[in-house]
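> what's the 3D shape of this:
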Amino acid sequence: MFDNNDSHSKTMGYILWIFGFTGSHRFYYGKPISGTIWLFTLGLLGIGWLIDLFLIPGMDAEADFRYQEGPLDYSLAWIFLTFVGIFGVHRMYMGKWISAILYFLTGGLFLFGILYDFWTLNEQIDRIHTGK
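Numbering: from 1, shown residues only. The predicted model follows:
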């Protein structure tokens, strides 16, 4: 049986892959441990970054299977987190207004909140979609 769920986008994965030495595409596909390793090793000194060019379709399929679609768009939330997360825009998008204001006033809770969200954003959105 085929699953029509398309929670994550290959296009977004490849766009984030351009910044792959930061691990952003791995965080997007729900791989926070390897994303952190890529962040601190510059994509395994560029080698892992190049290999990921070919692994993105598989990572996308795995994320589509793991995370459910719903009213929030994963890609849009990741764009907000990646580029303006320090201002809490991604939290506003998810309806988390109090923490969004705190992020805005504290620079993403002194960047520790941003790191937390890189690790957990997919799960936060999935919980909203599944009501858990």
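> give the contact list for the closest residue to Ile114 other than its chain neighbours.
Excluding the flanking residues, the one nearest Ile114 by C-beta to C-beta, 6 or more residues apart in numbering is Gly108, at 4.0 Å. To be clear about C-beta, it is placed using only N, CA and C from the backbone, and glycine gets the same treatment. By C-beta atoms under 8 Å, 6 or more residues apart in numbering, the contact set of Gly108 is 85-88, 114.
> What distance do you get for the residue nearest the centre of the chain to Ile15?
By C-alpha atoms, centre = their mean, the chain has its centre lying nearest to Tyr28, at 3.0 Å. Note on Tyr28: its distance to Ile15, by C-beta to C-beta, to the nearest Å, is 9 Å.
> quick one, phi psi at Asp126?
phi -60, psi -40 (degrees, to the nearest 10).
> surely it meets Gln68?
Yes - with contact defined as C-beta atoms under 8 Å, Asp126 counts as touching Gln68 (6.0 Å).
> circling back to that earlier point, neighbour-wise, which one of the contacts of Gly108 leads?
Gly88 (28 neighbours; other C-beta atoms under 10 Å).
> Quick one: residues contacting that residue.
Contacts of Gly88 by C-beta under 8 Å, 6+ apart are 99-104, 108.
> Of those residues - the most surrounded one?
Result: Tyr103 is most packed of those (other C-beta under 10 Å), 24 neighbours.
> Apart from its neighbours in sequence, what residue is nearest it?
Gly88 (3.0 Å).
> Can you list phi and psi of the one you found for me?
phi 80, psi 20.
> Would you mind measuring from it to Ser7?
Distance from Gly88 to Ser7, by C-beta to C-beta: 23 Å.
> can you list the domains in this protein?
8-66, 69-132 (automatic domain parsing).
> Between the two ends of the shortest one, how far is it?
The first residue of domain 8-66 is 10 Å away from its last residue (C-alpha to C-alpha, to the nearest Å).
> Quick one: distance of that domain to the chain centre.
10 Å (C-alpha atoms, centre = their mean, to the nearest Å).
> rewinding a little: dump the contacts of Gly108 to CSV, plus secondary structure, distance to Leu72 and pLDDT.
Shown next, in CSV, are the contacts of Gly108 (DSSP: H, G, I helix; E, B strand; the rest coil; distance: C-beta to C-beta, whole Å; pLDDT from 0 to 100):
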residue, secondary structure, distance to Leu72, pLDDT
Gly85, helix, 15, 95
Ile86, helix, 20, 96
Phe87, helix, 18, 97
Gly88, coil, 15, 97
Ile114, helix, 18, 95
